[in-house]
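J.: Structure of the sequence below:
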Amino acid sequence: MSSQGRVEVFYNETWGTVCGDYWDLNDANVICRQLGFEGALAAVTSSELSSKKVWLSNVQCGRNESSLADCAHSRWGRVRCPSRKDAGVVCIAGNFSNSWITHQVKQSK
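T.: Alright, predicted model coming up:
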């Protein structure tokens, strides 16, 4: 069993998306683990037009971060996303303990 969807983050009292440029399996693994899954089966991007603000771009996770906020990325709200694609994930089933489909990322400075 897997779960999939667009990655959304809550920052500055507003939900937004993550740019899919440079989005890869390392990034998807961090999000899936953060949500309580074992990891990611795939990192995907969607070209559906979203009316949500894009909060992050140039996300570059290693393998050991515990949350998306711990990964290298552009500054919150200072994004450049030429592809206009949103980041998404296909997560591997695990001990899903979070009741949110999307995950609230703590504001980092």
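
J.: which residues does residue 4 bridge with?
T.: residue 90 (DSSP bridges).

J.: quick one, what contacts residue 7?
T.: Contact partners of residue 7, counting by C-beta atoms under 8 Å, 6 or more residues apart in numbering, are 17, 18, 31, 68, 86, 87, 88, 89, 102, 103. Placement of C-beta: from N, CA and C, glycine included.

J.: Try it again at 10 Å.
T.: By C-beta atoms under 10 Å, 6 or more residues apart in numbering, the contact list for residue 7 reads 16-20, 23, 27-28, 31-32, 35, 43-44, 46, 56, 59, 68, 86-89, 102-103, 105.

J.: Just the element for residue 28, please.
T.: Per DSSP states H and E: residue 28 is located in helix 25-34.

J.: helices or strands next to the next helix or strand after that helix in the packing?
T.: Remark: after helix 25-34, the chain's next helix or strand is strand 39-46, criterion DSSP H and E. Secondary-structure packing of strand 39-46 (3 or more C-beta pairs under 10 Å, 6 or more residues apart in numbering; DSSP states H and E): strand 2-6, helix 25-34, strand 86-92.

J.: May I see the buried residues of the very next helix or strand once past strand 39-46?
T.: Later in the chain than strand 39-46, the nearest helix or strand by DSSP H and E is strand 53-56. For strand 53-56, a neighbour-count test (16 or more other C-beta atoms under 10 Å) marks 54, 55, 56 as buried.

J.: can you check stretch 11-27 too?
T.: Neighbour-count burial for stretch 11-27, counted by 16+ other C-beta under 10 Å, picks out 11, 16, 17, 18, 19, 20, 21, 23, 25, 26, 27.
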